[in-house]
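In: Below: sequence and its predicted model.
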Amino acid sequence: MAVASIPEGLPMAMTVILALGMQKILKKKGLVRKLSAAETLGSTSIIATDKTGTLTQGIMTLAGIFTLDNTEESNKEVLREVILNCEAFIKNPNDNEENWEAGGNFTERALVLAATKNGLLKNKLEEIEPEIDKIIFSSKYKYSVSLRQKSNEYKIYIKGAPEIILSKSKYVRINNENIDLDEQQYSLLISKYEELASKGYRILAVAVKNINKADDLKIENEIKDLIFTGFVFLEDPIREEAKNAIQTCYKAGMKPIIITGDHRLTAKAIANQLGFKVEDKNILEGKELEKMSEKEFAKILKNIQIYARVEPKHKLRIIKAWQKRGEVVAMTGDGINDAPALKQADIGVALGSGTEVAKEVSDLVLLSDDFSVIVAAVEEGRAILDNIRKVITYLLSDSFTEIILISISLLAGFPLPITAVQILWINLIEDGLPNIALAFEPKEKDLMDQKPQKRNVPLLTKEMKVIIFIIGIVTDIFLLLIFFWLNNYNSHDLQYIRTIIFACLAIDSIFYVFCCKSLRQNIWHINIFNNKLLLISALIGFVGIVAAIYVPFLNTLLGTVSLHLSAWYIILGVAVLNIVLIETAKHYFIVRHNTEI
């Protein structure tokens, strides 16, 4: 019974399935860092993603500059001011334009490249105005600052979210003069900002301030009474593959949501291009989220598709809210501050261009930063989960059959219908090879037509239990009836009868392994020849059982004898009957009740 009850091939098969799945995901530019995450991917129901680089191409280009006087001179001055507050750089500015290599984030690289094309070399400007202090961009403050010195004059250059910069501006530059920013001008600037955002542009406001240098100067105290100089706006085309991936998400019952630091109108425009069909009621800003209680947030959670102007702490709250609803959440991130949210998510997804900290706590790394890689990884995760369940169903049904057969025989006082060494042979020849071959089963075509499973769905589902029960109980009833009949009403000896039971169990395993190729479709709806390894393993298994019955050496080893042709009618009849019962059960659960296994 111990030999029969232990499916020794299961750990090896599961490891092979997970490893093969990770390899396939890697070919699609996704690096799975944890073996167990490959399985969890298959249950993903919520994908929370950033916008830039994942849904868009991450190829930022400067689309234009807006100033109130709208002259070429003022536009170029705004461009000069903004690159003096950029960390990006060009490694080889003296080479031809097509050979330039830029470093830094997407946005700042675009600004520095545009400035260089216009003859504004960042390194030359920095020689004239060296930087003496700075404030690095923070999602909390939504701006960055650079303090620079030119001779005995000191100036700070600020760039950031327009609504923040405008709220801190007291003056506006028009025709090289700094005048008070009145309500009419403020309204005009806000209107222009929203117009640009609604077209999907990323907009930065630029401001400056002349200050008196003092030894105890703290530049954070100087971010007020600024001189607004202009807007720079950039465009980043969407990824066409991401657009297709979004549609696949909806088809597969997954909910994609955008979490971005951009303005709500910018995010909405990009989302609509991607096929989200977003309305204003489907957008929530970080500041609005902060004012909500957990109960209030839970009420609107399922309706929100875009979170705009968010901070990393908001991501953590969003993930926890979905997890409380029983959803499996995958979330992208690239910065150090994203690490807590990446760790909290069921699948933390780090961008390949992100920080090492983000990658260390993540489960999946997008080597190409592409959103479609996440969807492809989920599909492979579903295939992994599918194949694990197929192997479990196959192995447990066989073990269950053997346990029940031996237990009932002992309780009824019958002689053992099969010996331990015969069970070992079945496990070695019939279970071992087909079990591993199932690990290489190609993914089914309808994988992404299924709804994702809730996080509380067990690996061993109700439908699997029914199939295992049918295989075990029904097969045992027939085998025991055959054993009882042959033992009491035939002239065959016990060794001959045991050989028939032995052959029934073994051949039955070879037959119903093909039923396990799909737990969602009946056998006549699938291609049973698309797994060559399974066909070879079934053939080897059949040869192994025939050899065990007709090779004298194996007869002695296994306690078997040669069978007459009439015995094979019984053996094949049991196998065919079992297939009919399994397929009937699958039809009941899948077709009539439209459930998923």
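Out: That came in fine, so what should we check first?

In: give me the element the residue positioned nearest the centre of the chain is part of.
Out: What sits nearest the mean C-alpha location of the chain, by C-alpha atoms, centre = their mean, is residue 374, with 4.1 Å. Assessed by DSSP states H and E, residue 374 sits inside helix 371-412.

In: Let me see the residues that make contact with the following helix or strand past that helix.
Out: Downstream of helix 371-412, the first helix or strand assigned by DSSP H and E is helix 420-425. Outside helix 420-425, the residues that touch it by C-beta atoms under 8 Å, 6 or more residues apart in numbering are 3-4, 402, 498, 502, 506, 544, 548, 557-560. Just so you know, the C-beta spots here come from the backbone N, C-alpha and C atoms, and that holds for glycine as well.

In: And for stretch 264-277?
Out: 51, 55-56, 194, 197-203, 238, 242-243, 246-247, 256, 258, 260, 278, 280, 283, 285, 305-306, 308-309.

In: likewise stretch 571-582?
Out: 467, 470-471, 474-475, 478-479, 482, 500, 503-504, 507-508, 510-512, 515, 523.

In: If we use 10 Å, what do you get?
Out: 393, 397, 401, 466-468, 470-471, 473-475, 478-479, 482, 499-512, 514-516, 522-523, 545, 563 (C-beta atoms under 10 Å, 6 or more residues apart in numbering).

In: Now the buried members of those.
Out: Buried members of these, counted by 16 or more other C-beta atoms under 10 Å: 393, 397, 401, 466-468, 470-471, 474-475, 478-479, 482, 499-512, 514-516, 523, 545, 563.

In: Where does the prediction get shaky in this protein?
Out: 3-5, 97, 214-215, 430-431, 489-491, 589-597 (pLDDT under 70).

In: Outline the domain layout of it.
Out: Listed domain ranges for the chain are 2-21+382-592, 30-56+239-369, 61-235 (source: automatic domain parsing).

In: Deepest-packed of the ones you listed, please.
Out: Here the criterion is mean neighbour count by mean count of other C-beta atoms under 10 Å, and of the domains of the chain the winner is domain 30-56+239-369, at a mean of 20.

In: I'd like the list of the contacts of stretch 264-277 that fall within helices, please.
Out: If you go by DSSP state H, those have 194, 197-198, 242-243, 246-247 in helices.

In: check contacts around the residue nearest to the centre of the chain.
Out: Neighbours of residue 374 in contact, by C-beta under 10 Å, 6+ apart: 28, 30, 41, 44, 47, 49, 54, 242, 245, 249, 254, 256, 330-332, 347, 349, 364, 366.

In: Okay, and which of the buried ones among the contacts of stretch 571-582 map to helices?
Out: Per DSSP H, these map to helices at 393, 397, 401, 466-468, 475, 478-479, 482, 499-512, 545.

In: From residue 426, how far off is residue 216?
Out: 85 Å (C-beta to C-beta, to the nearest Å).

In: before we move on, what about residue 396?
Out: 14 Å.

In: just residue 62 next, same as before
Out: 70 Å.

In: One more: residue 550?
Out: 17 Å.

In: Residue 122 too?
Out: 74 Å.

In: what's the answer for residue 341, then?
Out: Residue 341 is 50 Å from residue 426, by C-beta to C-beta.

In: cool, residue 370 as well?
Out: 47 Å.

In: Residue 556 too?
Out: In terms of C-beta to C-beta, residue 556 sits 18 Å off from residue 426.

In: go on, residue 7?
Out: Taking C-beta to C-beta, one finds residue 7 at 12 Å from residue 426.

In: Check the contact lists of these two and give me the overlap.
Out: residue 398.

In: Skipping its backbone neighbours, what lies nearest residue 26 in space?
Out: residue 32 (7.3 Å; C-beta to C-beta, 6 or more residues apart in numbering).

In: same thing with residue 59?
Out: Per C-beta to C-beta, 6+ apart, closest to residue 59 is residue 236, 6.5 Å.

In: so how far is stretch 399-409 from its chain's centroid?
Out: Mean-position distance between stretch 399-409 and its chain equals 41 Å (C-alpha atoms, centre = their mean, to the nearest Å).

In: Sorry, wrong one. I was asking about stretch 360-368.
Out: The answer for stretch 360-368 is 10 Å, by C-alpha atoms, centre = their mean.

In: Can you check the distance spanned by that stretch, start to finish?
Out: End-to-end span of stretch 360-368 (C-alpha to C-alpha, to the nearest Å): 17 Å.

In: cool, stretch 167-179 as well?
Out: End-to-end for stretch 167-179, by C-alpha to C-alpha: 16 Å.

In: neighbouring contacts of that stretch?
Out: By C-beta under 10 Å, 6+ apart, stretch 167-179 touches 67-71, 73-74, 77-78, 81, 143, 158, 160-162, 166, 180-182, 185-186, 188-189, 205-210, 223-230.

In: Just these: which are in helices?
Out: Using DSSP H, those in helices are 73-74, 77-78, 81, 162, 166, 185-186, 188-189.

In: So which of the residues you listed is the closest to residue 128?
Out: For these, the residue nearest residue 128 by C-beta to C-beta is residue 81; the value is 13.1 Å.

In: Surely that closest one touches residue 205?
Out: No: assessed by C-beta atoms under 10 Å, residue 81 is found out of contact with residue 205, at 11.2 Å.

In: Touching both of these two, which residues are there?
Out: 158-159, 229-230, 232.

In: Any chance of a markdown table for those, columns distance to residue 411?
Out: Output for these, formatted as a markdown table (distance: C-beta to C-beta, whole Å):
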| residue | distance to residue 411 |
| --- | --- |
| 158 | 84 |
| 159 | 82 |
| 229 | 91 |
| 230 | 89 |
| 232 | 83 |
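
In: Among those residues, name the ones in strands.
Out: Counting by DSSP state E, the shared contacts of residue 81 and residue 205 place 158-159, 229-230, 232 in strands.

In: Tell me where the stretch 151-300 of the chain has strands.
Out: 153-160, 169-174, 177-180, 202-211, 226-235, 255-259, 283-285 (DSSP state E, counting those that start in this stretch).

In: how about TSV for the ones you listed, with distance to residue 136 added?
Out: Shown next, in TSV, are the strands of the stretch 151-300 of the chain (distance: least, C-beta to C-beta, whole Å):
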stretch	distance to residue 136
strand 153-160	12
strand 169-174	21
strand 177-180	27
strand 202-211	15
strand 226-235	18
strand 255-259	21
strand 283-285	23
